[in-house]
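Q: below are the sequence and a predicted model for it; my questions follow.
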Amino acid sequence: MDTFTVLAQPQRRLILDVLIDGERPVGELVEELGLSQPVVSKQLRILREADMVAVRIDAQRRLYRINPKPLAEIDAWLDRGAAEGNCDSGLGRRGGGLAHDGFVFDGGQTAEADLAASAVVGAFDPGDDRDP
């Protein structure tokens, strides 16, 4: 499944929004999002298969965190459109990166990049419940 298809599902975007703040076990995601455990697990599996989240096993818990690389690929795609004069996205782009709250997402694996990735995730309509 490509990155855009993965991000088109609102529950997956919600999960990514929570993971922007740091890694979480499934139980915390269930509680914070108000979704059932099977729904969260299914969406995490899809995000993991798309390499958008990574999992770390800590004793009996699986801790999930964002992998910013696929979001960097979206940023690179937007840069290509801007360079060709085909893109005036209004997403707060500056200096070759995607800006959010004063940070620029440049594909690095920093906290600033994670925060900026939320601008990409939040740019999609969360009201659509269909699973593409």
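A: Structure received.
Q: not counting sequence-adjacent ones, nearest residue to Ile66?
A: Leu19 (4.7 Å; CB to CB, 6 or more residues apart in numbering). From N, CA and C alone the C-beta is placed, and that goes for glycine too.
Q: where does the protein dip in pLDDT?
A: For the chain, applying pLDDT under 70 flags the ranges 86-132.
Q: could I get the full set of helices for it?
A: Here the chain has its helices, by DSSP state H, at 3-7, 10-19, 26-33, 37-49, 69-83, 111-122.
Q: remind me what the first one packs against, helices and strands.
A: This means helix 3-7. With contacts taken as 3 or more CB pairs under 8 Å, 6 or more residues apart in numbering; DSSP states H and E, helix 3-7 sits against helix 10-19, helix 69-83.
Q: Lys42 is nearest to which of these?
A: Nearest to Lys42 among the helices and strands packed on helix 3-7 is helix 10-19; the distance by CB to CB comes to 8.7 Å.
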